[in-house]
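Q: Next one to model:
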Amino acid sequence: MAAMAPGGGGGGVNPFLSDSDEDEDEVSATDERRAGLRLGAGGGLDPGSADSLSPQDPMALGSSARAGLPGEAAALGGPGETPARLSIDAIAAQLLRDQYLLTALELHTELLESGRELPRLRDYFSNPGNFERQSGTPPGTGAPGVPGATGLGGAGGREPSTTSGGGQLKHEVPLQERKNYKSSPEIQEPIKPLEKRALNFLVNEFLLKNNYKLTSITFSDENDDQDFELWDDVGLNIPKPPDLLQLYRDFGNHQVTGKDFVDVASGVEEDELEALTPVLGSLPSTLEIPHAVENSLLVQKLEDKISLLNSEKWSLMEQIRRLESEMDFLKNEHFASPVVCDSVQPSLDQSPHKDSEDSGKNSVINSLDKGEKKDVHLSKSDEVDSTVPKENFPHSFPRREREGIPSSPSSKNTVHFDKPNRKLSPAFHQALLSFCRMSADSRLGSEVSRIADSETSVMLMLGRCLPHIVPNVLLAKREELIPLILCTACLHPEPKERDQLLHILFNLIKRPDDEQRQMILTGCVAFARHVGPTRVEAELLPQCWEQINHKYPERRLLVAESCGALAPYLPKEIRSSLVLSMLQQMLMEDKADLVREAVIKSLGIIMGYIDDPDKYQQGFELLLSALGDPSERVVSATHQVFLPAYAAWTTELGNLQSHLLPTLLNKIEKLLREGDRGLDEHKLHMYLSALQSLIPSLFALVLQNAPFSSKAKLHGDVPQIEVTRFPRPVSPLQDVSTIIGSREQLALLLQLYDYQLEHEGTTGWESLLWVVNQLLPQLIEIVGKINVTSTACVHEFSRFFWRLCRTFGKIFTNTKVKPQFQEILRLSEENIDSSAGNGVLTKATVPIYATGVLTCYIQEEDRKLLIGFLEDVMTLLSLSHAPLDSLKASFVELGANPAYHELLLTVLWYGVVHTSALVRCTAARMFELLVKGVNETLVAQRVVPALITLSSDPEISVRIATIPAFGTIMETVIQRELLERVKMQLASFLEDPQYQDQYSLHTEIIKTFGRVGPNAEPRFRDEFVIPHLHKLALVNNLQIVDSKRLDIATHLFEAYSALSCCFISEDLMVNHFLPGLRCLRIDMEHLSPEHEVILTSMIKECEQKVENKTVQEPQGSMSIAASLVSEDTKTKFLNKMGQLTTSGAMLANVFQRKK
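A: Alright, predicted model coming up:
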């Protein structure tokens, strides 16, 4: 038996052996070792040719201190044998095996610097699992980085062999003690963090596959630092292991009783065992291996045999599949290519190997070209193939090239290679070629060694390789794989592989952003166009369904968008059933606004393709749910996409005027009927906005069903549509030209429409008559029921009528809309019920007609009509002593648009110069509403002169009515000259003796001071408002009539409560504010004890504030402490204001300071 040098690569799968087959310089250590053992056993060849030996070599057990050194190999060898030269890979393996990590790292560094990187060292030092240390490492378990039995931290997940050479003598702990340590539950080796993360991943995967979803959710929550969607998140640079079930079923094949045993995948052969037997027998008794080791070697050999047979089975199945695909391809190309397989020599069957699909068979393809049969014979070197041992043959050498088989099934001529004119034996040639550094013993090597020769072969190869490529691509670049994945999934013949590839596509990116989702959707649409509706339903939709409840909103967003994008390519039954149900579920259950927004857009697309009338009601319910969504994004998407698409379908079904519009109108009427308990303005807005979005669809229906629709044929030039003809649509789907089909067709229809209305009337025009006779009367009736003081409601209805009139055109507005409003309003004094104040002019009909109908068009005659209407309303309401709410609502709505300020000032000037004091008084009060929105130039030129004119009116009521407007000017204007003019006018009201006893004037001034004081210019407040309030409080103490005294005292109380929140200087506080409060308390003591309690507390707080300021900052500004006291006073006082209805005792307790 020839001696064998210790060291070299370990036999089989070892944690120190690299799994990387990409490096073309790496030599298969297993084959070299096997070849060396066979040559050594033969006796005729030099045993030193084996440059890598198994660490389990019995001769290596004798080397304890210097394992792996060439000198020892020579020492152990027979006479005349030269020492073998070890490869660098073998040295690296021995260093790692014996845990000389620093030496191995130094070797790795030197190799890197010299440009000869070794894959074994690269993979070892790049795996973080090799360097985890834990405090509880048991004795004898090896250094960090050596994973335990069936651990996931090492390469391949196999049990490593840690005893090389005299390993049992190296370790101080006996073998049995280590076994007891491993098997004892009390002293189990602590789990490493990466092992824990890997096991967590597998456990979660098992729970999901077996429908333990709630348990999986809980498990994920308890491990929130780990992403269970990606194996890469575990942190190990190894492929994902099989699932738990597969590991459990495979457990018996890999169970090892101790760490001293040979690796399961060592690949020991019978002849190797025979070669080892005499060596074992010659060992000293102190180094004898236990009998269990021999059994283990035999068991592992059988297990390895099973593994190799399984691999061979897989390889042959792949080859069968490939050959079948080639046959199909040849049939399609009208070629007949019978396949003749030579018998395989028994010697080949007996040698275990992992070869490519082409290994183990020699095939000859007889190609038929135009009826002539051409036999392709084996070359001389090929004939020797069966006699040459497989170990000496380079597995990765392409058999097609050796056999002369055409590289493509469609090739008509056989490929021949030039043969050298040499006399070397075929065995020598094969031995020579064995030095080519090629390997096909791995999955990747097998793929590389065979060239795909047809489209199907390419697809099969991509289907096998892509699942291994994707996890190793950076997340930020994975979208680059989308074309490859889709193309493979599209053309791959195996449904299971296609499903796996599409699953990879939808899980390609953990949280795909908008651009990445667009790429995936584009690919899905391309896939759908290529494969047709049946495969889209069977292959793509299940991927969407799986992720409908995914924890990441980006994934659910992808599902929602996919449903819409794939809608045109699905079977119609699926569109109206499964997809609609999926979107309905997501709309009702998903909490993310973005997802529901995408759902709404997809629902809109579905509505454009659905043709099942039975789904109409379901669509209507979805529409109402979408309109009532709390998210503005969702509601906006509903108006832009879903509602127009649903309206188009409704129009086709003939339900727009018969169901959709009437239903929404009835819901509005129901809301108004139930408004006694408070109108739900949100729902009113929801329904009215839906009606507004349906106006373009309604107008398109009117045009398409018009008497002239059959005449609308495009020929010649068509006049252009004015840019302002229609309101700006919120989306292209609400553009009338889009609904009709083209802008040219719409222009032609509009021309005929205007002519028909102006000259021929509406006889027989059913769709337009419905608008005139049913829609408009019902809308005007609804308008009369809404609350005129609700600014939001008035604005909503105003916008609706404005869009309706602008869409249907000026002729329609003048001839159909305005007459109906004018009939209702009937501007005459008899139409005002002054006793009840509920005439039609006091309702919301006035502002909605003024702002929604009369403002649609802005020609001079339209403006005159609006001015005349407002003047008439102001006159009639004033003369009838009716409430002015409808007029105020009109001014507020129109005043929001600066374009109408001049018009409103014209209306008010009409009132200023009116002969009736009632109308002048109304005009004065309307100025208060207008001042806030008008620019200061107009205030100075138009408003103030009109107010000063009214302030000198003979009627005292008119003068008093100007005070609120003057106060509003003080609150909003900053021009010093204007403020001085207003101040002088108010001072004349307060200081002129003729107003000394004017109780109404004093009340109006106090109310105005309380309203504008906190927001007025500080100097005006300090120099004018507060001192005059003090004077008014003093005067009120002398009031004899208790009712007037209490009324003014109450208004003073409200004014002081508002001003108490402002900063007041110490002098002003001492000289005016506190004295005014004390005067007011005198009034309240007699008239309102509840107010007196609050005033007492206010006075104490103010006095305390003055004292604090005097003590802390006698000369400075208000101190921080005083500011805090002021805030405390403000907060307390505002809280107490709402409690005036409670008893006096309770109010007294509320304001007590905490002890």
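
Q: what is the mean pLDDT for stretch 599-615?
A: Stretch 599-615 shows a mean pLDDT of 92.

Q: ends of that stretch, how far apart?
A: Using Cα to Cα, to the nearest Å, the gap from the first to the last residue of stretch 599-615 comes to 17 Å.

Q: which residues sit against that stretch?
A: Stretch 599-615 is contacted from outside by 560-561, 563-565, 567-568, 572, 575-576, 579-580, 583, 586-587, 590, 619, 622, 626, 634, 637-638, 641-646, 648-649, 653, 733, using Cβ atoms under 8 Å, 6 or more residues apart in numbering. C-beta: built from backbone N, CA, C; applies to glycine.

Q: Any buried residues in it, and which?
A: 599-610, 615 (16 or more other Cβ atoms under 10 Å).

Q: Kindly report the same for stretch 635-644.
A: 635, 637, 638, 639, 640, 641, 642, 643, 644.

Q: just those now: which is nearest residue 218?
A: residue 637 (34.8 Å; Cβ to Cβ).

Q: and residue 532, how many neighbours?
A: 11 (other Cβ atoms under 10 Å).

Q: nearest spatial neighbour of it, skipping sequence neighbours?
A: Distances taken as Cβ to Cβ, 6 or more residues apart in numbering place residue 569 nearest to residue 532, at 7.8 Å, with adjacent residues excluded.

Q: Check what pLDDT residue 31 gets.
A: For residue 31, the model assigns a pLDDT of 44.

Q: Same check on residue 226?
A: At residue 226, the pLDDT recorded in the model is 88.

Q: What strand or helix carries it?
A: Of the helices and strands defined by DSSP states H and E, none includes residue 226.

Q: Tell me how far it lies from residue 237.
A: Taking Cβ to Cβ, to the nearest Å as the measure, residue 226 and residue 237 are separated by 17 Å.

Q: neighbour-wise, which of these two wins?
A: residue 226 (18 against 15).

Q: Now the more buried one. Its backbone dihedrals?
A: Main-chain dihedrals, residue 226, degrees, to the nearest 10: phi -130, psi 140.

Q: The stretch 751-900 of the chain: helices as residue ranges?
A: For the stretch 751-900 of the chain, the helices defined by DSSP state H, counting those that start in this stretch cover 766-770, 776-783, 791-808, 810-812, 818-825, 845-848, 860-879, 885-895.

Q: ok, now the stretch 401-550 of the chain?
A: Using DSSP H, counting those that start in this stretch, helices in the stretch 401-550 of the chain cover 426-433, 443-449, 455-469, 482-491, 495-506, 514-531, 533-535, 541-546.

Q: Which one, of these, ends up nearest to residue 850?
A: It's helix 514-531; of these, that one is closest to residue 850 (Cβ to Cβ) at 45.5 Å.

Q: Just want the angle from the closest one to helix 482-491.
A: 20 degrees (axes from the mean of the first three to the mean of the last three Cα atoms, to 10 degrees).

Q: the strands in this structure, which residues?
A: Using DSSP state E, the strands found in the chain span residues 339-341, 363-365, 367-369, 372-374.

Q: Make CSV out of the helices of the stretch 401-550 of the chain and add mean pLDDT.
A: Shown next, in CSV, are the helices of the stretch 401-550 of the chain (pLDDT from 0 to 100):
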stretch, mean pLDDT
helix 426-433, 79
helix 443-449, 67
helix 455-469, 82
helix 482-491, 88
helix 495-506, 90
helix 514-531, 90
helix 533-535, 91
helix 541-546, 89
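
Q: Nearest to residue 796 among these would be which one?
A: helix 514-531 (33.6 Å).

Q: Please identify the buried residues of the closest one?
A: For helix 514-531, using 16+ other Cβ under 10 Å, the buried residues are 516, 517, 519, 520, 521, 523, 524, 525, 527, 528, 531.

Q: Determine the set of other helices and strands touching that helix.
A: Here helix 514-531 touches helix 482-491, helix 495-506, helix 553-566, going by 3 or more Cβ pairs under 8 Å, 6 or more residues apart in numbering; DSSP states H and E.

Q: tell me the most buried of those helices?
A: helix 553-566 (a mean of 23; mean count of other Cβ atoms under 10 Å).

Q: Quick check: which helices or strands does it pack against?
A: helix 514-531, helix 541-546, helix 580-589, helix 593-607.

Q: okay if I get the ones you listed as JSON lines plus distance to residue 553?
A: Formatted as JSON lines, these follow (distance: least, Cβ to Cβ, whole Å):
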{"stretch": "helix 514-531", "distance to residue 553": "11"}
{"stretch": "helix 541-546", "distance to residue 553": "15"}
{"stretch": "helix 580-589", "distance to residue 553": "11"}
{"stretch": "helix 593-607", "distance to residue 553": "6"}
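
Q: wait, which of the ones you listed is closest to residue 861?
A: Comparing the helices and strands packed on helix 553-566 under Cβ to Cβ, the one sitting nearest is helix 593-607, at 41.8 Å.

Q: can you give me the angle that closest one makes with helix 514-531?
A: Going by the same axes, to 10 degrees, helix 593-607 makes 30 degrees with helix 514-531.

Q: any idea of the angle helix 593-607 forms with helix 553-566?
A: 10 degrees.

Q: Quick check: longest helix in the chain by residues?
A: In the chain, assigned by DSSP state H, the helix with the most residues is helix 291-332.

Q: Packing partners of that helix?
A: Packing partners of helix 291-332 (3+ Cβ pairs under 8 Å, 6+ apart): helix 251-254, helix 270-282, helix 455-469.

Q: run the last query once more with 10 Å
A: helix 251-254, helix 270-282, strand 339-341, strand 363-365, helix 443-449, helix 455-469 (3 or more Cβ pairs under 10 Å, 6 or more residues apart in numbering; DSSP states H and E).

Q: Now do that helix against helix 455-469, angle only.
A: Using the same axes, to 10 degrees: helix 291-332 against helix 455-469 is 140 degrees.

Q: give me the number of residues near the residue nearest to residue 532?
A: 21.

Q: what does residue 960 give?
A: 22.

Q: Equivalent analysis for the one 3 residues further on, please.
A: As a burial measure, residue 963 scores 24 neighbours (other Cβ under 10 Å).

Q: Not counting sequence-adjacent ones, nearest residue to it?
A: The shortest distance from residue 963 to any non-neighbouring residue, by Cβ to Cβ, 6+ apart, is to residue 1004 (4.6 Å).

Q: isn't that neighbour right next to residue 924, touching?
A: No. The criterion here is Cβ atoms under 10 Å, and residue 1004 misses it with residue 924 at 11.2 Å.

Q: what's residue 768 in contact with, if anything?
A: 698-699, 701-703, 705-707, 753, 756-757, 762, 808, 812, 816 (Cβ atoms under 10 Å, 6 or more residues apart in numbering).

Q: right, I mislabeled it, should have said residue 1070
A: Taking Cβ under 10 Å, 6+ apart, one finds 1064, 1102, 1103, 1106, 1110 in contact with residue 1070.

Q: quick one: it from residue 1079, how far?
A: Residue 1070 is 14 Å from residue 1079, by Cβ to Cβ.

Q: same deal with residue 816?
A: From residue 816 over to residue 1079 (counting by Cβ to Cβ), the distance is 64 Å.

Q: cool, and residue 189?
A: For residue 189, the distance to residue 1079 - Cβ to Cβ - is 90 Å.

Q: the more surrounded of those two?
A: residue 1079 (20 against 16).

Q: Let me know the average pLDDT across stretch 958-972.
A: 87.

Q: ok so, going back, any idea which of the contacts of residue 1070 has the most stuff around it?
A: Most surrounded of these: other Cβ under 10 Å gives residue 1064, at 23 neighbours.

Q: For residue 1027, see how far away it is.
A: Taking Cβ to Cβ, one finds residue 1064 at 12 Å from residue 1027.

Q: Next, show the common contact partners of the two.
A: If you check residue 1064 and residue 1027 against Cβ under 10 Å, 6+ apart, the residues they both contact are 1072, 1073.
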